[in-house]
Structures are given as C-alpha cells and as structure tokens.
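K.L.:
got a predicted model here, sequence first, then my questions.
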Amino acid sequence: MLRIGDFSHLGQVSVRTLRHYDDLNLLKPAWIDRFTDYRYYTLEQLPRLNRILAFKDLGFSLDQIKGLLDEDVSIEQMRGMLLLKQADLEQRMQEERERLRRVEARLKQIDIEGTISPYEVVRKAAEAQLILSACTLVPTIADMKDYRCALSHDIYTWLEQTQIIPVAHEMVLYNMGEYREDNIGLEMAVSIDKGPQRTHSLPRGSRLQIRELPAIEEMACIVHRGSIYDVPQGMVALYSWVIANGYQPAGTYREIHLFGREDDPHTDYQHLTLEIQLPIAKVNKSNEHI
C-alpha cells in the first residue's frame, strides 16, 4: 500500500484534493489506520484517479464524474454526455469570442475618440407589455415638441378620465427605419395593466389605441443623463456600438423617460435621465439576420 503522500505524488494531485475526493465518496482510501486516521491507497486505484482527472479536464463536475464512474454508463450514454459537453464548450467559446470583440471595439473607440465614452451600452431583453399609445407623423424636427405635447395631452387626459394609473415609465417610440428630419413616425405610450382598461372605451375618432408592445429578445441600451438636446450624442454612441460589435438594428427604438412625464411643467430639460433602447440582431458576413 501507498501512504497518501506517496499516492499524491504518484497521481500528481495534492493531499488536500485526495481528502476532498474521499469526503465526496469519489475516491475512497483502500485502508485507514484506525489509530492514526492515516489514509493508504493501492496502485489499483491509480486508473480511477486518472479517469477522474481526465473527466475533470473535459469540464465535467465532480458530481457528474461520480455518476459516470459509479453507474453502469453505456457507450451511447457516454457519447451523449460528451456531445452535450462539446456543445456547451462551443457555446462558451462563442460567448468569449463575442466578449473579445466588444473589448476590441472599446479599444478602437478610445483610440479614435481619444477619450472614454460617457455612455455604457448594455444588452437586455424586454417582456411584452400592454400600452396605451397615440401615433402621429411629425412633418419636421422643428415640429417635434408641439406634436409630442399634443400626444401626451391625449394620453393623460384619457388616463385621468378613466382613473387608470400607468404601470411603467412613459416612453416614445420612433417608427422609422433610418434617421429622418421630416415625416417622422412618432408614438408616445405608457404601459397599463391588462385588466381595467377593458371596461373603458377609447374616444371615437381619437388617435389613441391600446395594443401589445411585443417582447424583444435582445436590445442595446444606454442611459442618457443631461440635456434633452444632447440625446443625439447618445444615439450616435449607441449606433456606433451596434455596428462595431457585429449587430444591426432590428426594430423600433424606444426612448424611456426615467425622469417622469415630459409635459410636467417642473421637468428640467437640461438635467434629466432617460434610457434609449434599440432592438438588435446579429449579422453574418452577408449582412443577413442570424
């Protein structure tokens, strides 16, 4: 028999590791001295240790390894587990490649701009939500404020009449595929609960509507703090990130008013906080959605 220290040296693992394997019933000593509690192993146990180390190197957890060694696993079961592990490792490699690409894009941004961007882009998903909204077509950017105020008035007038309270922040949706300075598709909205609104009818002939805003699997998002007139700078940063990281816009972008109501007379347009959310999708080398 071999003392635990000698077996540790032979198997190229620490004594601490062997004791841990003993506690997990993964590799029990062949004999324990009942007077000294010293552990002894045999050469016949070395193949089991080597198999444990081999499976560990493949990325299996110790619990999985114990099952593989103790149960009568067939060749097909073993093959299936290895295929799952292969798929898992490939997914992780893909995620790390994407992370590397984001690091490279950030470095390139710093090199080009010579400064650190005030905007941090994060990716998130959005659940489907029921919204009360009002849509219009804004002739020019110069008309934007008046049209937004009119939509806001329609929305909140109906909410006050029906005593329905929004369940999330006010938002603005821009329904256009590219930047425009005229004929801008604009939709202001608030999220509402899926129950009470069914008992109220919308004014006949109004531009109000109740609809479901679909869920989004992945969005690129930034938080803008400061003047509302500097929001375009955030948009440039957001779209630059999207392009640099191998994405493309995949839907209507959303402006979430974290500061409250836009038509509130106490709103400070020079110091506000809002989030811009842009649905995105990965593109392949042929510039198609994948």
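P.N.:
Received, thanks.
K.L.:
where's the residue nearest in space to the middle of the chain, which helix or strand?
P.N.:
With distances taken as CA atoms, centre = their mean, the chain has Lys124 as the residue nearest its mean C-alpha position (3.8 Å). In this assignment (DSSP states H and E), Lys124 forms part of strand 122-126.
K.L.:
and after that strand, which helix or strand comes next?
P.N.:
Beyond strand 122-126 toward the C-terminal end (DSSP H and E), the next one is strand 129-140.
K.L.:
list the buried ones in the helix or strand following that next one?
P.N.:
For strand 129-140, the following helix or strand on the C-terminal side (DSSP H and E) is helix 144-162. By neighbour count with 16 or more other CB atoms under 10 Å, helix 144-162 contains the buried residues Tyr147, Arg148, Leu151, Ser152, Asp154, Ile155, Tyr156, Trp158, Leu159, Thr162. From N, CA and C alone the C-beta is placed, and that goes for glycine too.
K.L.:
which one of those sits closest to Gly246?
P.N.:
Arg148 (33.6 Å; CB to CB).
K.L.:
gap between that closest one and Cys135?
P.N.:
To Cys135, Arg148 is 12 Å away according to CB to CB, to the nearest Å.
K.L.:
which one of the buried residues of helix 144-162 is nearest Pro29?
P.N.:
Distances from Pro29 to the buried residues of helix 144-162, taken by CB to CB, are shortest for Leu159, at 72.9 Å.
K.L.:
doesn't Asp264 make contact with Cys149?
P.N.:
No - counting by CB atoms under 8 Å, Cys149 stays clear of Asp264, with 11.3 Å between them.
K.L.:
quick one: the strands in the stretch 101-250 of the chain?
P.N.:
122-126, 129-140, 171-174, 182-191, 208-213, 216-226, 247-249 (DSSP state E, counting those that start in this stretch).
K.L.:
deepest in the core, which of the ones you listed is it.
P.N.:
Ranked by mean neighbour count, these are led by strand 171-174 with a mean of 20 (mean count of other CB atoms under 10 Å).
K.L.:
list the contacts for the residue nearest to the centre of the chain?
P.N.:
For Lys124, the contact set (CB atoms under 8 Å, 6 or more residues apart in numbering) comprises Glu218, Met219, Cys221, Gln277.
K.L.:
can you redo these as JSON lines with distance to Ile210 and pLDDT?
P.N.:
Listed next are these as JSON lines, based on distance: CB to CB, whole Å; pLDDT from 0 to 100:
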{"residue": "Glu218", "distance to Ile210": "26", "pLDDT": "95"}
{"residue": "Met219", "distance to Ile210": "23", "pLDDT": "95"}
{"residue": "Cys221", "distance to Ile210": "25", "pLDDT": "96"}
{"residue": "Gln277", "distance to Ile210": "21", "pLDDT": "95"}
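K.L.:
and the spatially closest residue to Ile110 that is not a sequence neighbour, how many residues sit next to it?
P.N.:
Distances taken as CB to CB, 6 or more residues apart in numbering place Ile116 nearest to Ile110, at 6.5 Å, with adjacent residues excluded. Neighbour count of Ile116, defined by other CB atoms under 10 Å: 10.
K.L.:
tabulate the buried residues of helix 144-162 (TSV), appending pLDDT.
P.N.:
Shown next, in TSV, are the buried residues of helix 144-162 (pLDDT from 0 to 100):
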residue	pLDDT
Tyr147	91
Arg148	89
Leu151	93
Ser152	92
Asp154	93
Ile155	94
Tyr156	94
Trp158	92
Leu159	92
Thr162	89
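K.L.:
show me which of the residues you listed is closest to Glu255.
P.N.:
Proximity of the buried residues of helix 144-162 to Glu255 (CB to CB) peaks at Arg148, which lies at 10.4 Å.
K.L.:
please consider this matter closed, and thank you.
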